[in-house]
Every structure is written in C-alpha cells, then in structure tokens.
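Okay, predicted coordinates and the sequence, questions at the end:
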Amino acid sequence: MKVTKESVKFIRKSNLSYTKIQKEVKKNFGIVISKSLLSYYKRTKDRLKIIDFKNASIEEIDWLNGIFLADGCKYKNRNYLYTIKFALDNEKDQKIVKKLCYILKKLGSKYSFSYQKNSIIIKTYSKSLFDRLPNKERLFIPKNELAFLSGLIDGDGCKKGNAAVLVQYKNCQTMNYLSKFFKLTKKSFPVLTNFGLSRRRQYYINKRTCDLIRKGNLSIKLKTLLTNQI
C-alpha cells in the first residue's frame, strides 16, 4: 500500500524513534514503510535544500533543461517523491549520459541507473530541481538559448550535412520561440504512433547556428557532426 498524505503528516509531526514510527504507521494506516523513506519525510527544510544551482554554469543548466525537454520527464511517484527521469540510448548516448551525470553531480543531486532493453534510465529525486526544470506544456525561455538548443539536439537531434535536424512531437510553444530566435525552418506532418495519430515536427537548424554550438563546445552530437559519428 502506498504512503498517504495523512501518514506523511503523521511521520513529519512525530517525535518517536524510527522503529516506533514504523510500528505506528503500520498500526494506524496499514502501511509498511522503510527507514530510508522515513528519513526522507523527516528531513528539515535545510536538509532538503541540497541543490545549489550556483555550482553549475548557465550553459550547463540550460543544456540540462534542453536534454530534459527532449529525453526527460518528472512526476511524483507512489511515495510522493519528486522524481526526475531521463531515458537515453545505452550504446549511442554514453557521452551524453556522462555529461548529464557530471552536471547533476555539480548541482549536488544524487542519481541512480537502471536499464530497460537498449535504454539507460537515470533517476534523481529533488523538489528544487523538479520545480526548476521546464514544464513541457508551457512556454520555457532559457537564459542561454544556444545551450538549451544544444541539449535538445543531443536528445532529439540528428545530422543533416553540416547542419542538424531536430524532431519534436510536443513542446510547441517553446519550439515556436526557438524557431523565431534562430530562424529555424519547420516542417510538420502526421505520423502514426503507438498512442495513435500524432504530429511530428522537424526543425532544420542551419550551419551558422550549428557552427556557433560547436565553437562553444555546447553539444556532444555536434562535436562529431562533420565526421558522421552521430
């Protein structure tokens, strides 16, 4: 049985030992809870504030925002933990995974790995990072548009000669903003997915913009774009 709001409220207010809290939660709410989860709910506000965004550069944070918009999601799990998940290709995206974990570590966010078929899953738990990452249903304006676009390319991009193509199904408001900012060329057409008919949008990123990304060393994929190693 999952943790309820009432049981969480009881845990946070209780001054009993963890062992006694476990017994009381089981007795009053019918829930078996681990001590590690108890520790999470018993944390003070100071202990919860583990993310320090000053430890990472604006470019790193906006690259993280971009890769999240492309390959990430966030939700509260059954234990009401603020969960952030990234799913990347276990073979092709190893350098991207390394950069992602490097930034998470700089921010002070612990993470874990798991594997599903050909994907590597990176999970981290943080309310402050959860709140800071983009809402995919709303317009997101980054502080560094070039770094943000680089994160999107590393997640959903592919080579197109000396330029690049970015494929997106959603994130329309944010992509419209980027299209105007970088003068991207857009093509839109319907496709059939496992979830029914959807609309795929391809954004063509010109060579000049890609050259700026390469010059700033902002993208993993664009480092090897000219050598056809994406």
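Arrived safely.

where does the helix or strand Ser36 falls within sit relative to the chain's centre, distance-wise?
Applying DSSP states H and E as the criterion places Ser36 in helix 35-42. On the basis of CA atoms, centre = their mean, to the nearest Å, helix 35-42 sits 24 Å off its chain's mean C-alpha point.

how about the CA coordinates for it, as CSV?
What follows is helix 35-42 as a C-alpha-only set of coordinates in CSV (Å, rounded to 0.1, in the frame of the first residue of the first chain):
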residue,chain,number,x,y,z
LYS,A,35,13.6,3.7,7.4
SER,A,36,15.2,5.3,4.4
LEU,A,37,11.8,6.6,3.3
LEU,A,38,11.1,7.8,6.9
SER,A,39,14.4,9.7,6.7
TYR,A,40,13.2,11.4,3.6
TYR,A,41,10.0,12.6,5.1
LYS,A,42,11.7,13.6,8.4
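
In this structure Asn28 contacts Phe10, no?
Yes - using CB atoms under 8 Å as the test, Asn28 is close enough to Phe10 to be in contact (7.1 Å). C-beta here means a position set from N, CA and C on the backbone, and glycine is covered the same way.

Among those two, which residue is more densely surrounded?
Set Asn28 next to Phe10 and count neighbours by other CB atoms under 10 Å: Phe10 wins out with 17 against 11.

So for this structure, the centremost residue is which one?
Central residue of the chain (CA atoms, centre = their mean): Phe68, 3.2 Å from the mean position.

re earlier: report all helices and strands that the helix holding Ser36 contacts.
helix 5-13, helix 18-29 (3 or more CB pairs under 8 Å, 6 or more residues apart in numbering; DSSP states H and E).

out of those, which comes closest to Phe181?
When the helices and strands packed on helix 35-42 are compared by CB to CB, helix 5-13 sits nearest Phe181, at 41.9 Å.
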